[in-house]
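Q: One predicted model, sequence on top.
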Amino acid sequence: MNFKRFLKWLAPVSLTAILILCTIVQGWSAPTAAQTQLHWYGQSAFKLTTPTGKVILIDPWITNPVNSNGKTDLATLNRADLILVTHGHFDHVGDAMTIAKKTNAPLVSTADLGQALVESGYPKNLVTLDTQGNFGGEISLLNNEVKVAFIPAIHSSVIASDGSPAKYAGNPGGFLVTVQNGPTIYHTGDTDVFADMALIPRFRKVTLMLACIGDRFTMGPQRAATAVGYVKPDRVIPMHFGTFPALTGTPAAFAAELKQQRVGSRLQVMKVGETIRL
């Protein structure tokens, strides 16, 4: 075959190959980046899963009354990389000790609460200076994938799960959890609204606020809406409501207050047992 004939033969073949290649490339989709996931167990209990699969539990009362699947959830929970506890009350410590003994998950808390929980049965080797702090401080954890800042709360904090005299458990608080390549989440713990909440977004933009709204033992819908106005998160999810008859605050009342106070954050109401992507 002479050179000119070869080129005439090659041209349509090359064009066809190019067209096939383009079709294949167009059919490819870039791999979806892993997202942070948030699961609600009810009350103030959440499971946060980072883009790399690390599992962080916050106030893990998984077997609370509104979680009909609580016993199964606890039995099948085989991984936890960190357990964050805001204060000493039973509905926040919850199943933390059981989970810690099962998963060897370190405790993230204030130092005073950590000591009180060790005295109450939390494995001592899982409560170290690496994961303890206090208000105004921030620690980097899980190879710097997660940062946890300690935020004050207006509430109380004791441990008295067995009916014995209450044991001092430090001051109550909340957490500002910043996930690398993910969201910044403010879990209020149990608290009333306080004006210093307005300082939080000066240091870090909050993607999602988990706000207690139950009333009586914490701020109710009206005061919680004011708190959201201070923090200015992109989204807010209500928690700590409906678990007991005394917790009378409702998401509907919270929505009305957010509208009345012209708070721009988007309200998202989760169902117990629901998982969302952030």
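A: Alright, I've got the coordinates. Numbering: from 1, shown residues only.
Q: Quickly note the distance from residue 111 to residue 82.
A: Counting by CB to CB, to the nearest Å, the gap from residue 111 to residue 82 is 16 Å. Quick note: C-beta positions are derived from backbone N, CA and C, even for glycine.
Q: of the two, who's got more company?
A: Set residue 111 next to residue 82 and count neighbours by other CB atoms under 10 Å: residue 82 wins out with 22 against 13.
Q: Could you look up the SS state of the nearest residue to that one once chain neighbours are set aside?
A: Nearest residue to residue 82, sequence neighbours excluded (CB to CB, 6 or more residues apart in numbering): residue 56, at 4.7 Å. Per DSSP: H, G, I helix; E, B strand; the rest coil, the local secondary structure of residue 56 is strand.
Q: Can we start the residue count at 13 from this point?
A: That works, and once the first residue is 13, the last one we named lands at residue 68.
Q: Residue 68 - how many residues pack around it?
A: By the measure other CB under 10 Å, the count of residues near residue 68 is 27.
Q: tell me the contacts of it?
A: By CB atoms under 8 Å, 6 or more residues apart in numbering, the contact set of residue 68 is 59-62, 92-96, 158, 189.
Q: Is it bridged to anything, and to what?
A: On DSSP bridges, the residues paired with residue 68 through beta bridges are residue 60, residue 94.
Q: hey, where'd the helices end up in the stretch 63-212 of the chain?
A: All helices of the stretch 63-212 of the chain, identified by DSSP state H, counting those that start in this stretch, fall at 82-88, 102-105, 108-115, 123-131, 212-215.
Q: and these as CSV, adding distance to residue 46 and mean pLDDT?
A: CSV is the format used below for those (distance: least, CB to CB, whole Å; pLDDT from 0 to 100):
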stretch, distance to residue 46, mean pLDDT
helix 82-88, 22, 98
helix 102-105, 29, 96
helix 108-115, 21, 98
helix 123-131, 31, 96
helix 212-215, 26, 97
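Q: how about a markdown table for those, with distance to residue 194 added?
A: A markdown table is the format used below for the helices of the stretch 63-212 of the chain (distance: least, CB to CB, whole Å):
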| stretch | distance to residue 194 |
| --- | --- |
| helix 82-88 | 23 |
| helix 102-105 | 24 |
| helix 108-115 | 22 |
| helix 123-131 | 26 |
| helix 212-215 | 18 |
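Q: With residue 260 as the reference, name the closest of those.
A: Judged by CB to CB, the one of the helices of the stretch 63-212 of the chain that comes nearest to residue 260 is helix 102-105, at 16.0 Å.
Q: What lies in contact with that closest one?
A: Contact with helix 102-105 is made by 55-56, 71, 73, 76, 97-98, 129, 171-173, 201-202, 255, as judged by CB under 8 Å, 6+ apart.
Q: Of these, keep whichever come out buried.
A: Buried by 16 or more other CB atoms under 10 Å: 55-56, 71, 73, 76, 97-98, 129, 171, 201-202, 255, out of those.
Q: Lowest-confidence one in those residues?
A: Among the buried ones among the contacts of helix 102-105, residue 171 carries the lowest pLDDT, at 90.
Q: these two touch, right, that one and residue 130?
A: No - between residue 171 and residue 130 no contact is recorded; they are 10.9 Å apart, counting by CB atoms under 8 Å.
Q: what bits of the protein have low per-residue confidence?
A: Residues of the chain that meet the criterion pLDDT under 70 lie in 13-45, 173-176.
Q: 90 instead, please
A: Applying pLDDT under 90 to the chain flags the ranges 13-46, 172-180.
Q: Which parts of the stretch 163-290 of the chain are strands?
A: The residue ranges that make up the strands of the stretch 163-290 of the chain, judged by DSSP state E, counting those that start in this stretch, are 170-171, 179-180, 185-191, 196-199, 220-224, 247-251, 278-279, 287-289.
Q: Next, format these as CSV and append distance to residue 239.
A: Output for the strands of the stretch 163-290 of the chain, formatted as CSV (distance: least, CB to CB, whole Å):
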stretch, distance to residue 239
strand 170-171, 24
strand 179-180, 27
strand 185-191, 11
strand 196-199, 10
strand 220-224, 6
strand 247-251, 9
strand 278-279, 13
strand 287-289, 21
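Q: Many thanks, we can stop here.
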